[in-house]
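Engineer: what's the 3D shape of this:
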Amino acid sequence: MRYRSALVPAVFLIAGLMFAHSPLSGRTYSPWVVSEHVADFSGNWHSFMQHKAFIGKQDHELAVAVWKYLSSRETGLVHTGSWDEPTRTTDAQDKPDPWGNMFTYWTVYDPVKNINSFGMGYCGMQSTIAAGIFRSLGYESRTININSGYSHQVCEVFYRGGWHFIDTDERGVVLTPGGELASWAQMKAHPEWWPHRPFADAPHFPDHFERFGGLVKEGKLKENGYKYRWEPLGHTMDFVLRMGESYTRWWRADSTRYYKGWWGRSDQAGEWLRNNVREHPEHMYTHKQKGEYGSIYERPGMGVFRYSPKLSSAWQDYRDGVYADSNVVQDEHGVCSLEGGGYTVFKVYTPWIIAGRNGPDPGAEPPKEGVIVNYKGEGGIRVFLSPDFGEHWDPVGQGTRGRIDLTEKLYGRWGCLVRFELEAARLETLEMTTWVQVAPMSLPAVRGATRMQYRTGDRTGEKTAVLPLVADFILPADSLRALGWLKIKGEHRRFNLHDRSDGAMVTVRPPAGSTGNKLRWLTVGGDFNNLKKPEIWVSTTGHPEDLRLLRRLEAPLWCDHWMSRLDEYLGPPDTIPNDLMVDYRKNVNNVRIYAHYSEPERPVKDSPVEVTHCVGGVETKLVVRSDTTYTLYGEGPNEWIRMRVLSEPANQAK
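Structural biologist: Numbering: from 1, shown residues only. Predicted coordinates:
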């Protein structure tokens, strides 16, 4: 591998070198690199709008630019089957039935979550993702299910007093004679507008125009479901890099390390996709698509977090990275228990979905080598795992050393806690490796001389960590009661797709790892039956008598679909207490909350970060600090990008 120093303006290169020897180092919150060629899909929509294709645009011009971006071969969504997070896929009689809970609730519709981890989906997913993006940019939006002879779903956005049709799956729009984006109603009334390719630099119904347009011309397509707010917008790409931790993302996976997705299903569609992967492993998700309808990427991307803190008292890594501990001290060899025993806990959280290494047949055996914990010490050590961030713990290993593969327990999840219980024992070394799936379309591409920006901080500009509180109401009542933060109201109707509960009460607290942790902001949401006009109330004092209405779900009159997915922002200027109450009233079918909290008692914050780009076999390394803008030159394929926070000696001057 060739290596060269970064082509960075001198002021930034000097600043990076100075920071490399600065005592002001520690964990880094939400590090993010943005390329001028790729829009920022971190959940920071202000930054998204600074992309060169969108800046300064609105209404028609912005709608067309976003459609082109999501339809291009390099940055656009790939047409595939459904992509879902793990959930129950059987009915009340325990027979296979993936269509209800999975397709309604756990298909990945969130724009930020999908575009960073997946970048793909069928028409129902793509239209919902597009609607979520447009809503984030200030448009009203909806999806329309088109049926009778051709099952398809599209997006419409509202501006200048009317609706406008946008299709990212079929890559199509139709213009009126006046040059505006036509609505679906106009398209049905004027099939003669269809054959004209409106933009030379963007695709337009390349594969299915004759079938789709022909059915419209024959009057055989009818709308069947105007859907309102069927898009969650709670996910962000916020995460923390600690001392001794790196995160590397590749544009192309190693052909086996990817999230198994649809072929885990037991029906005909799942078998078809499994056969396609077995016969054409290099194509994987593209379904043999070629030309403008496909993607330039034949594989998904992948990423790996490697956390190897130095645990001895000679280094700051432990205090910087530990999540919680009790009755332990550090010595020159590691972390030791005091009399009576103690424990130490480390957190894994990734906003990219956890994936493993698959065999040649993705459905034949469980994936492995997705989450690996290696440790070494002396004395009595027991290891426990909490996939729900502390609600319950399962034993996963014991002994003075071990290599524990947690992939099967964490596959398709977003993180966990790992606890080491020490009885007259010492933990001397630790390495935690977490592999994730990455969508190449989201990565900061370099093409020639490219302006890059490195920044830190969440979408509000604060330095926060994330605690996800997610409850799938298809689970048995006992499993939901075990979640200490959730209480379901009334009867729990777990197999009722439309009406699983009369509401729920949630208490949101920052993690107990440090008494100084403080809630800063949240996205409060879930899945609802809007026919019941459900409501979300919150108490920002922590007292039930102070509950106030945050949102009432009243769908517009044109909406003829029962399902709504909604995530609302709650944060400054509101005062957020450390015991915040969320009261879901009348109906809620699943709960989804992302709580962002600050960690003021961490000894130091916001390290300089070593960033390495590999383009065309050439590595370019630099040290940056928020907010740094630099110019990078690269030719050839983008291969990988790495961010790393170095270990820091404990005797560093304060």
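Engineer: Lys188 sits in which helix or strand?
Structural biologist: When secondary structure is defined by DSSP states H and E, Lys188 falls within helix 184-189.
Engineer: so what's Leu549 closest to, chain neighbours aside?
Structural biologist: Ranked by Cβ to Cβ, 6 or more residues apart in numbering and with sequence neighbours excluded, the top spatial neighbour of Leu549 is Trp537, at 5.6 Å. To be clear about C-beta, it is placed using only N, CA and C from the backbone, and glycine gets the same treatment.
Engineer: Map the structural domains onto the sequence of the chain.
Structural biologist: The record assigns the chain these domain ranges, following automatic domain parsing: 39-238+261-299, 243-259+300-440, 465-598.
Engineer: how about the ones you listed in CSV, adding mean pLDDT, mean neighbour count and distance to Arg625?
Structural biologist: What follows is these, written out as CSV (pLDDT from 0 to 100; neighbours: other Cβ atoms under 10 Å; distance: least, Cβ to Cβ, whole Å):
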stretch, mean pLDDT, mean neighbour count, distance to Arg625
domain 39-238+261-299, 82, 19, 18
domain 243-259+300-440, 94, 20, 15
domain 465-598, 92, 18, 19
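Engineer: any idea where the strands of the stretch 451-600 of the chain begin and end?
Structural biologist: Using DSSP state E, counting those that start in this stretch, the strands found in the stretch 451-600 of the chain span residues 465-472, 486-488, 503-508, 518-529, 535-539, 548-552, 563-570, 580-585, 590-598.
Engineer: Please give the centre-to-centre distance between the first one and its chain.
Structural biologist: This means strand 465-472. 12 Å (Cα atoms, centre = their mean, to the nearest Å).
Engineer: Next: the third one.
Structural biologist: On the basis of Cα atoms, centre = their mean, the separation between the geometric centre of strand 503-508 and that of its chain is 23 Å.
Engineer: Show me what it is packed up against.
Structural biologist: Taking 3 or more Cβ pairs under 8 Å, 6 or more residues apart in numbering; DSSP states H and E as contact, the helices and strands that strand 503-508 lies on are strand 465-472, strand 486-488, strand 580-585, strand 590-598.
Engineer: Identify the residues contacting the second one?
Structural biologist: Taking contacts as Cβ atoms under 8 Å, 6 or more residues apart in numbering, the residues outside strand 486-488 that touch it are 469, 471, 473, 477, 480, 501, 503-506, 591.
Engineer: again, 6 Å this time
Structural biologist: Outside strand 486-488, the residues that touch it by Cβ atoms under 6 Å, 6 or more residues apart in numbering are 471, 501, 504-506.
Engineer: can you redo the helices and strands packed on strand 503-508 as JSON lines with distance to Ile372?
Structural biologist: Below are those laid out as JSON lines (distance: least, Cβ to Cβ, whole Å):
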{"stretch": "strand 465-472", "distance to Ile372": "22"}
{"stretch": "strand 486-488", "distance to Ile372": "31"}
{"stretch": "strand 580-585", "distance to Ile372": "36"}
{"stretch": "strand 590-598", "distance to Ile372": "26"}
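Engineer: quick one: which of these is nearest Gln153?
Structural biologist: Set against Gln153 and scored by Cβ to Cβ, the helices and strands packed on strand 503-508 come closest in strand 590-598, at 21.2 Å.
Engineer: starting at the chain centroid, how far to the helix or strand just after that closest one?
Structural biologist: Per DSSP H and E, the first helix or strand lying C-terminal to strand 590-598 is strand 609-615. Here the centre of strand 609-615 is set off from its chain's centre by 22 Å, with Cα atoms, centre = their mean.
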